[in-house]
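Chemist: Based on what follows, work out the 3D shape:
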Amino acid sequence: MKLKDIIKDSLNRLFEIETEDHFTVESVYYRGDTLCVSSQLGCPVRCSFCASGMNGLIRNLSYDEIIDQYRIAVSEGMEIKNIAFAGIGEPLLNWENVKKAFYHFKDIGLKASFYTTGFPLKNFKELLELPHNGVSLSLHAVTDEKRKQLIPYGQPLDQILDVFKDHLSKLSRRKRKMYSIAYLLIGGVNDSEEEIQKLSQIARDLQVGVSLLKYNEIDGIDYRSTSDEEYERVFLQLRENGIRVTLSNRYRTRKIGGCGTLMINRTVLTK
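Modeler: Numbers count the residues shown, from 1 in each chain. Predicted coordinates for the structure are as follows:
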């Protein structure tokens, strides 16, 4: 793996890294201490709102290719304390390599967290038991019909939530704060009052908070972001229902490195 380019804005640093078979994969340095790493070339889950899976899966990244993203960022002067397995790919679908990389990062003193759709369930169960520093379950819908639209190759909701609830029920309130539901708010798709009410019920049942993400619009994908007013309305509805909510920070709403914006072979796909 070798560094191909660094794309910068006022907040983020996006690393384009070339593999030996001449694909590029992306990782993002943000917040002054965190590196978001990719686990696959492309993504087989193919979320309909996400640039990362537009062309499906090419292949898994090897263990070395995952940790090389960290090594390259460090060689460019980035100070890294945290690793987020939240880049291109579903970490659970490259589980053995991701797990090995996770333990490497922990061994050298880094904190590691995950974003995952929870598929496949066997690996999701194992992930929940790891000595991680956070797991956010990417839900994005509260009905199977809507989730199938947004996450075509995900797991049925009841199966995922049953596994999540079973694990969380064994934890103290303090430890449950390491877990959350990620909900990407897409204008006119999953933002109705009824859906947010159902989301509140799910979060309350699990006793976890919601990471309310704002959609980053992407060329070639026919979804729209919510207005600031719509975003605030959903935030207030969740808060009024007693749900702990975190909002998309300024790093996650950037054209480079924001949620759903990472891709392979960027120059090809954006022409």
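Chemist: Chain neighbours aside, what residue packs nearest to Asn133?
Modeler: Among residues not flanking Asn133 along the chain, Lys111 sits closest, at 4.0 Å (Cβ to Cβ, 6 or more residues apart in numbering). Where C-beta positions appear, they are placed from N, C-alpha and C, glycine not excepted.
Chemist: wait, Arg13
Modeler: Among residues not flanking Arg13 along the chain, Tyr29 sits closest, at 4.2 Å (Cβ to Cβ, 6+ apart).
Chemist: so that neighbour makes contact with Ala73?
Modeler: Yes: between Tyr29 and Ala73 there is a contact under Cβ atoms under 8 Å: 5.6 Å.
Chemist: quick one: contacts for the residue nearest to Arg13?
Modeler: Neighbouring residues of Tyr29 by Cβ atoms under 8 Å, 6 or more residues apart in numbering: 12-13, 15, 35-36, 73, 78, 80.
Chemist: Can you tell me how far it is from Lys214?
Modeler: For Tyr29, the distance to Lys214 equals 21 Å [Cβ to Cβ, to the nearest Å].
Chemist: got it, and Ala182?
Modeler: In terms of Cβ to Cβ, Ala182 sits 12 Å off from Lys214.
Chemist: Can you check which residues contact both of Tyr29 and Ala73?
Modeler: In contact with both Tyr29 and Ala73: 13, 15, 35, 80, using Cβ under 8 Å, 6+ apart.
Chemist: Out of these, which comes closest to Phe119?
Modeler: Leu35 (24.1 Å; Cβ to Cβ).
Chemist: Just grab the bridge partners of the closest one for me.
Modeler: Under DSSP bridges, the beta-bridge partners of Leu35 are Tyr29, Ile83.
Chemist: ok, now which ones touch Ile186?
Modeler: Contacts for Ile186 were tallied using Cβ under 8 Å, 6+ apart; they are 49, 140, 150, 215, 223-226.
Chemist: The helix or strand containing Lys165: what's the following helix or strand?
Modeler: For Lys165, the element it lies in under DSSP states H and E is helix 157-168. Later in the chain than helix 157-168, the nearest helix or strand by DSSP H and E is helix 173-176.
Chemist: And that next one, what's buried?
Modeler: Arg176 (16 or more other Cβ atoms under 10 Å).
Chemist: cool, and stretch 73-91?
Modeler: Buried residues in stretch 73-91, counted by 16+ other Cβ under 10 Å: 73, 78, 80, 82-91.
Chemist: Of those, which belong to strands?
Modeler: Per DSSP state E, strands hold the following members of the buried residues of stretch 73-91: 82-85.
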